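Enquirer: what follows is a predicted structure for the sequence shown.
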Number of protein chains: 2
Amino acid sequence: MQNHELEQVIKNADRAINNEDFDHLMEFYSEDATLVVKPGTVAKGTRKFAGHSLLSLNTLNHSLIVNQEKVAIIETGDTALVVAQAQLSANQKEDSEFSMERTATYVFKKDSTDTWRCIIDNSYGAEIIEELK
Amino acid sequence: MQNHELEQVIKNADRAINNEDFDHLMEFYSEDATLVVKPGTVAKGTRKFAGHSLLSLNTLNHSLIVNQEKVAIIETGDTALVVAQAQLSANQKEDSEFSMERTATYVFKKDSTDTWRCIIDNSYGAEIIEELK
């Protein structure tokens, strides 16, 4: 499961986040991708969640740094499940620093041009079941 | 994200496991599905992993009971990411009982007959990244 081409895709997406290069970042997603904004809330379509990303970055004083070193990829056909250990750090508006580790879960799919696109982005991993009754 | 038709599919698959009804269980999977047998090892194709399942059940004295009550579903188009809190219990060959909770992660896809099939089965959830260097 090592040295999969998706590892480089994820590194490139992290770089786009860290550089706040949203135009580039959106290219990593399919147009109808679903993003978990927070547990219990999803945004569908890149147009919608580009707005969410901007809002988050504003809250974080534009200091968000994401780094995903450990990435496991389980593939079948044109679809892959990605489980990644994501390190996040940022300064919040109230100027308290935060740094956290999340286990993010993504689904990627190859499009008609054989390019991997993220179709489901759940950076909260298993946290999303804690919201359920 | 509640009352999704996949919740019933997962309940039915759990029942098939608990009844050791493998013919029925295999119907929940696409033919080219990928199963994480253990962190670092995958089996591709239902024929291959039916064998793995039988082996596991033998080790567990055919006493495995799986129950997934909390299920979160994130969907886009014909594909869904499922994060489930799975309760497992069994008696091992050495007659020590075990009971554990896992956060399983699955990818389901609708086939040409509009039936949801599991295409990636990772019952280990985030544990699969702990094996990576």
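Expert: Structure received.

Enquirer: ranges for the strands of chain A?
Expert: Taking DSSP state E as the test, the strands found in chain A are A:29-38, A:41-44, A:65-76, A:79-91, A:97-110, A:116-122.

Enquirer: put the alpha carbons of the fourth one into CSV.
Expert: What it means is strand A:79-91. Taking C-alpha atoms only, strand A:79-91 is exported to CSV below (Å, rounded to 0.1, in the frame of the first residue of the first chain):
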residue,chain,number,x,y,z
THR,A,79,-12.1,4.1,-6.3
ALA,A,80,-9.8,4.4,-3.3
LEU,A,81,-10.4,4.8,0.4
VAL,A,82,-7.7,6.9,2.0
VAL,A,83,-7.1,7.0,5.8
ALA,A,84,-4.6,9.7,6.7
GLN,A,85,-3.1,11.0,9.9
ALA,A,86,-3.4,14.7,9.6
GLN,A,87,-1.5,17.2,11.7
LEU,A,88,-3.1,20.6,11.9
SER,A,89,-1.8,23.7,13.5
ALA,A,90,-3.1,27.3,13.5
ASN,A,91,-3.6,30.4,15.5
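
Enquirer: coming back round to it: identify whichever of the strands of chain A lies nearest to B:A16.
Expert: Closest approach to B:A16 among the strands of chain A (Cβ to Cβ): strand A:65-76, 20.6 Å. Every residue, glycine included, has its C-beta placed from N, CA and C.

Enquirer: close to chain B: what parts of chain A are there?
Expert: Neighbours of chain B within chain A, by Cβ under 8 Å from any Cβ of the partner chain: A:1-2, A:30, A:32-34, A:36, A:40, A:42, A:44, A:70-72, A:74-77, A:79-81, A:83-85, A:103, A:105, A:107, A:109, A:119-120, A:122, A:125-126, A:128-129, A:131-132.

Enquirer: from those, list the buried ones, please.
Expert: Applying a neighbour-count criterion of 16 or more other Cβ atoms under 10 Å in any protein chain shown, the buried members of those are A:1, A:30, A:33-34, A:36, A:42, A:70-72, A:74-76, A:79-81, A:83-85, A:103, A:105, A:107, A:109, A:119-120, A:122, A:125-126, A:128-129.

Enquirer: got the strands of chain A as JSON lines, with mean pLDDT columns?
Expert: Output for those, formatted as JSON lines (pLDDT from 0 to 100):
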{"stretch": "strand A:29-38", "mean pLDDT": "91"}
{"stretch": "strand A:41-44", "mean pLDDT": "89"}
{"stretch": "strand A:65-76", "mean pLDDT": "92"}
{"stretch": "strand A:79-91", "mean pLDDT": "91"}
{"stretch": "strand A:97-110", "mean pLDDT": "89"}
{"stretch": "strand A:116-122", "mean pLDDT": "96"}
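
Enquirer: can I get those strands in JSON lines with distance to B:A13?
Expert: Formatted as JSON lines, these follow (distance: least, Cβ to Cβ, whole Å):
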{"stretch": "strand A:29-38", "distance to B:A13": "23"}
{"stretch": "strand A:41-44", "distance to B:A13": "24"}
{"stretch": "strand A:65-76", "distance to B:A13": "17"}
{"stretch": "strand A:79-91", "distance to B:A13": "17"}
{"stretch": "strand A:97-110", "distance to B:A13": "19"}
{"stretch": "strand A:116-122", "distance to B:A13": "20"}
